[in-house]
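**Q** 3D, please:
(one chain, ligands or ions: 2)
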Amino acid sequence: MQLLEKRVVIKLNEGQYLLVNPYSGLADILDEETLQMLSSGNFDPHEETIVGLKRRGHLLEEGEEEDLFRHMYSLSEQLHEEFSKHNLHVVMPTYECNLQCPYCFERHLYRKDVKWKTTMDEKTVDCLFEAVLSLDSEAEGEKCMVFYGGEPLQVKNYSIIEYILKKGDELGYSFKVVTNGADFYHFVPLLSQFNILKTQITIDGPKEVHDRRRFKKGGKGTFDDIVRGIDLALDYDLPVGIRINVDSANMGHLPEFAEYYREKGWYPKVYAFATNVHGAECTSYSSLISVEEFTRELIDLFLTDERMDVLFQTFRYPNVLLEHLFAGEPFKPRFWACGSHTSIFIYDAVGDIYPCYEAVGEEVHKVGEYRPVLKFNDRFDHWRKRTVFTIPECRECNLAFFCGGGCAHRAYDAAGSIYSPMCDKTKFSVEYEVPYLYQVMKEKKKSLSEVRDWYFE
Ligand code: SF4
Ligand code: SF4
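**A** Residues are numbered from 1 along each chain as shown. Ligands and ions are numbered 1, 2, ... in the order given. Below is the predicted model:
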């Protein structure tokens, strides 16, 4: 009998460890002495603790772990087939944006004039719907479309947005919207006539901080217009969430924004969460911080400033380990990182299809076209087949079933292939978030199940 080879051991605090079974999600707290005894393999199989740990699947007989691994592989194949029946159609009416944020990952597209200047016309939208209907002819589940950009909600594009909403609505689609919020208030009455499931708006901190980062051509800040839009959306009962893009330039202002968010009466009706700004191709932005710094510094803020409490939802991002340990969800192993590998089709304004939100406009990641007719290239399967079983490093990794292989797009940027691992998010979640949330659960008796999630995939 031996400890699982792919066991996950997380240090909770001095002398206390969490032993997690990556095949079932079962987790048990051990002291250092027991952990050392188990790792040495020198123990009495009839001793009570050992019998208990065996029952929980942490200790197995020789050969049993290989069977478990094979079982996980079959499960992943089965789940992949199921998830691939649920399409998520993302519409980019234009690449153009009415803001000039210094950290934008689409900045490199500004130079590609044809793409940048094109906005969908009705003929293109009709082609898009033909593609959507053909892809959905055998699909299952909710019929949903996401507006994305560039910036989809620009006043000058009002009529084409209305056209898409009406056409989608007639065909039974509901909608989600990702917007910078600058022109949002103009669209609220229109959007409220349709089935809008979520609207995500970015605010990067208190007014002064936000306006330094998210401004229009010429420098005019957008904070006041965004606030006006959110207040109006609440009057119209539209579901709104705030995304706060964080780097070293605004991290320290999060508590101040949290205070504003609470005093404004937005919490908990309006969702709000913080996430880190990623680097992007051809963009040099000096305030970037690593995922590790972001995770560590964010937790420091939560530990030292009570105003942060209203942003606790930030830890409710798609993370199967946190969901299982701290939100009471059944363990759902993650065999791929995101919907790009099963469900997402992103339709741009010039007739191309991409699999990933951050890869739009990058020829090397284009997976197909929908105009004049729907067709896919070899890259489509290449993206769809990325799982932890097809990335050699991930096959061997004990975090694989919590991680899914990490972001494919960032893996490509770092190593030139989407079939390489991108470990940071899960690695630092295990190292910093699990011990922190355990402490919160113990001391404040508060768990993630008390806050809503706002998953957007
Ligand atoms: S591949 Fe990465 S950037 Fe693209 S949608 Fe997935 S997680 Fe997001
Ligand atoms: S990306 Fe890294 S942490 Fe994630 S499964 Fe692969 S090797 Fe493990």
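**Q** hmm, stretch 414-430 in reach of ligand 1?
**A** No - contact between stretch 414-430 and ligand 1 is absent, the nearest approach being 7.8 Å (criterion: C-beta under 6 Å from any ligand atom). For every residue, glycine as well, the C-beta is placed using N, CA and C.
**Q** strands of the stretch 251-400 of the chain, start to end?
**A** Using DSSP state E, counting those that start in this stretch, the strands of the stretch 251-400 of the chain run over 271-276, 344-347, 352-354, 368-369, 375-376.
**Q** a markdown table for those strands, including mean neighbour count?
**A** Shown next, in a markdown table, are these (neighbours: other C-beta atoms under 10 Å):
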| stretch | mean neighbour count |
| --- | --- |
| strand 271-276 | 20 |
| strand 344-347 | 24 |
| strand 352-354 | 24 |
| strand 368-369 | 18 |
| strand 375-376 | 13 |
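**Q** just so I know, which of these lies nearest ligand 1?
**A** Proximity of those to ligand 1 was assessed by C-beta to the nearest ligand atom; the nearest stretch is strand 344-347, lying at 6.7 Å.
**Q** how far does the closest one sit from the chain's center?
**A** 16 Å (C-alpha atoms, centre = their mean, to the nearest Å).
**Q** equivalent analysis for stretch 232-251, please.
**A** Taking C-alpha atoms, centre = their mean, one finds stretch 232-251 lying 16 Å from the centre of the chain it belongs to.
**Q** could you work out the end-to-end span of that stretch for me?
**A** Using C-alpha to C-alpha, to the nearest Å, the span of stretch 232-251 from its first residue to its last is 28 Å.
**Q** could you number the chain from 23 rather than 1 from now on?
**A** All right, first residue 23 from here; so that's stretch 254-273.
**Q** could you list the buried residues of it?
**A** By neighbour count on 16 or more other C-beta atoms under 10 Å, the buried set for stretch 254-273 is 254-256, 260-269, 271-273.
**Q** is that stretch up against ligand 1 anywhere?
**A** No - Stretch 254-273 stays out of contact with ligand 1 when judged by C-beta under 6 Å from any ligand atom, the minimum separation being 13.2 Å.
**Q** and the longest helix for the protein?
**A** Using DSSP state H, we find that the single longest helix of the chain is helix 86-105.
**Q** may I have that one as CSV, with CA atoms only?
**A** Extracted in CSV, the C-alpha atoms of helix 86-105 (Å, rounded to 0.1, in the frame of the first residue of the first chain):
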residue,chain,number,x,y,z
GLU,A,86,-4.7,0.8,-8.7
GLU,A,87,-3.6,4.4,-9.6
GLU,A,88,-3.0,3.4,-13.2
ASP,A,89,-6.6,2.2,-13.3
LEU,A,90,-7.9,5.4,-11.9
PHE,A,91,-5.9,7.4,-14.5
ARG,A,92,-7.4,5.4,-17.3
HIS,A,93,-10.9,6.0,-15.8
MET,A,94,-10.2,9.8,-15.8
TYR,A,95,-9.2,9.6,-19.4
SER,A,96,-12.5,7.9,-20.4
LEU,A,97,-14.4,10.4,-18.3
SER,A,98,-12.7,13.3,-20.1
GLU,A,99,-13.6,11.9,-23.5
GLN,A,100,-17.2,11.5,-22.5
LEU,A,101,-17.4,15.0,-20.9
HIS,A,102,-15.7,16.5,-23.9
GLU,A,103,-18.3,15.1,-26.2
GLU,A,104,-21.1,16.4,-24.0
PHE,A,105,-19.6,19.9,-23.6
